[in-house]
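A.B. asks: Fold the stuff below for me.
(2 chains)
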Amino acid sequence: DGGITQSPKYLFRKEGQNVTLSCEQNLNHDAMYWYRQDPGQGLRLIYYSQIVNDFQKGDIAEGYSVSREKKESFPLTVTSAQKNPTAFYLCASSIENSGRNIQYFGAGTRLSVL
Amino acid sequence: AQSVTQLDSQVPVFEEAPVELRCNYSSSVSVYLFWYVQYPNQGLQLLLKYLSGSTLVKGINGFEAEFNKSQTSFHLRKPSVHISDTAEYFCAVILNTGFQKLVFGTGTRLLVSP
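C.D. replies: Residues are numbered from 1 along each chain as shown, chains lettered A, B, ... in the order given. Sure thing, here's the model as predicted:
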């Protein structure tokens, strides 16, 4: 089955702790993205990567870090510097269609603070 | 800067009734338009997209949308809704320039009741 797998589905963070959210895709897509979703605010872009070993900050990168060592994987670390981490996190990857990037999403990880 | 406006945060409708979810955008350059659907605690699923060509776009689950350049709108419609259409619907745009960042509206919750 081709797709985007996010794990875990639910995650709890203690005060001062870093946590890492996993995102794996087997679609052979070049670009990958991380979004944060809060109620009533839609989705906001945290980081994106257009190619292996390269990534760029999105609109709300503070308190987050990423790596892109393999094409299939784009893990997101929520650091202790992120003071309000409770949210639904969505990973996406994209393929080019007629010169446009069409993004497809994973099922998400819900992060809560203990 | 581009933006996407979904004026209705919630749309209640009875089963088998028609529905229209409104989306307006602002951009000084040409855009590409998308509608995504999100069921509770799940990721986003692509409903339909407008890249070029016919302004009437048909998607999955019986939904369609019409791109209106003069009114900068991309409203989503379905002639007869089902209970299973209850979900959150997001309109999104990407610019036809530079990095193709996907910008989302704040979402419209469609509530279908019997």
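A.B. asks: contacting residues around the biggest strand by length in chain A?
C.D. replies: As far as residue count goes, and with DSSP state E defining each element, the longest strand of chain A is strand A:87-97. Identification of contacts with strand A:87-97 by CB atoms under 8 Å, 6 or more residues apart in numbering or on different chains yields A:4, A:6, A:21, A:23, A:25, A:27, A:29-38, A:43, A:46, A:74, A:76, A:101-106, A:108-111, B:43-44, B:51. Using the backbone N, CA and C atoms, a C-beta is placed for each residue, glycine as well.
A.B. asks: Then stretch A:41-58?
C.D. replies: Identification of contacts with stretch A:41-58 by CB under 8 Å, 6+ apart yields A:30-38, A:59-61, A:64, A:66-71, A:74, A:76, A:89-90, B:44, B:90, B:99, B:101-102, B:104-107.
A.B. asks: which of these are buried?
C.D. replies: For the contacts of stretch A:41-58, burial is judged from neighbour counts taken by 16 or more other CB atoms under 10 Å in any protein chain shown, and it is met by A:31-37, A:61, A:64, A:66, A:68, A:71, A:74, A:76, A:89-90, B:44, B:90, B:101-102, B:104-107.
A.B. asks: so who does residue 15 touch?
C.D. replies: Picked chain A for this. So residue A:15 contacts A:80, A:113-114 (CB under 8 Å, 6+ apart).
A.B. asks: switch to chain B, that's the one I care about
C.D. replies: B:81-83, B:112-114.
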